[in-house]
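Colleague: how does the following fold in three dimensions:
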Amino acid sequence: MPVSQILQLLDAEGLRNLSTARRLPGRRTEGELRQALSAVYNNSIPQLLFDLQRDDLHRLLRRPFRWKNRRYHSPDLASHSKEQLLKFANTLFVKGEVPEEFGKESEQPEFSLDAPAPVANLKPSKVAPKVSKAPAPARPVSDDDEDGRTVVAPGIRFLIALSHDWSRPRLLSKVLTDLEFDVPERLRTPRFQEVVRRLSALGVEISDAGSGAVLTPKDSSPGVDARIRLRRAPR
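Modeller: The predicted structure is shown next:
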């Protein structure tokens, strides 16, 4: 992987920290910084990784990635030292290998709340002809049906499985789908903050799966492929 590609993965803060470490003069745009830093490091990936601060390495490694048609996710890196993170980064970006500590992620959803398909009745049964009736008048959607069973809107069925403990890590894009939001290629901050407000209105908290930090409507977007956890908000 060339230096320029790693620089594309770094956020603005990581680029500024590298710029400070290399004493690049003047204020520059992110594109100008990437171009200048690419020339400075001249394809020396180990030196670039070494110059990154611990938090920069953490943000770089905690994002999911694809390798040989399989998706991988990092372990909980919040307690790892810079030396440990640097070792992971060199294994990935210098050796081109996936560290043993990184897990594979299935593309299938974690669980399904769809009702099981009915079993076909193999024996034909005689059914009395039904007398046609006029269609029942439409009624407003309520929280319960006529038999007293709870009716759950499709967009919030996933809430049934949540407790006051943090859930297993899941992709933020999956949460967007559950909330019936369109899943964009890039999740911009205003849309992410709207998602957090929607979850808050449903009584749900969201946190970063890597750092454990609880996310609020004031936080920047971690990206559509970020791994997050959910729980019911404490009362």
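
Colleague: can we go C-alpha only for contacts and neighbour counts from here?
Modeller: Fine.

Colleague: neighbours around Gly203, how many?
Modeller: Summarising burial for Gly203: neighbours were counted as other Cα atoms under 10 Å, giving 14.

Colleague: ok, now which ones touch the nearest residue to Gln8 once chain neighbours are set aside?
Modeller: Here the nearest residue to Gln8 in space, its sequence neighbours aside, is Arg34; by Cα to Cα, 6 or more residues apart in numbering that works out to 7.4 Å. Applying Cα atoms under 8 Å, 6 or more residues apart in numbering to Arg34 gives the contacts Ser4, Leu7, Gln8, Leu15.

Colleague: surely Leu77 meets Ser211?
Modeller: Yes. Because the distance of 6.9 Å satisfies Cα atoms under 8 Å, Leu77 is recorded as touching Ser211.

Colleague: more neighbours: which of the two?
Modeller: A count of neighbours by other Cα under 10 Å puts Leu77 above the other of Leu77 and Ser211, at 18 against 15.

Colleague: quickly find the element holding the more buried one.
Modeller: For Leu77, there is no helix or strand it lies in under DSSP states H and E.

Colleague: what's it in contact with, if anything?
Modeller: If a contact means Cα under 8 Å, 6+ apart, then Leu77 has His58, Arg62, Leu85, Gly210, Ser211 as its contacts.

Colleague: if I look at the closest residue in space to the second one that isn't next to it in sequence, how far off is Arg28?
Modeller: Meaning Arg62. What sits nearest to Arg62 in space, not counting adjacent residues and going by Cα to Cα, 6+ apart, is Ser74, at 5.5 Å. In this view, Ser74 and Arg28 are 32 Å apart by Cα to Cα, to the nearest Å.

Colleague: these two - which one has more neighbours?
Modeller: For Ser74 versus Arg28, neighbours defined as other Cα under 10 Å are more numerous around Ser74 (21 against 13).

Colleague: helix, strand, or coil at Ile228?
Modeller: Under DSSP: H, G, I helix; E, B strand; the rest coil, the three-state class of Ile228 is strand.

Colleague: and it, what is it in contact with?
Modeller: Ile228 sits next to Pro169, Arg170, Leu171, Leu172, Ile206, Ser207, Asp208, Ala209, Gly210 when contact means Cα under 8 Å, 6+ apart.
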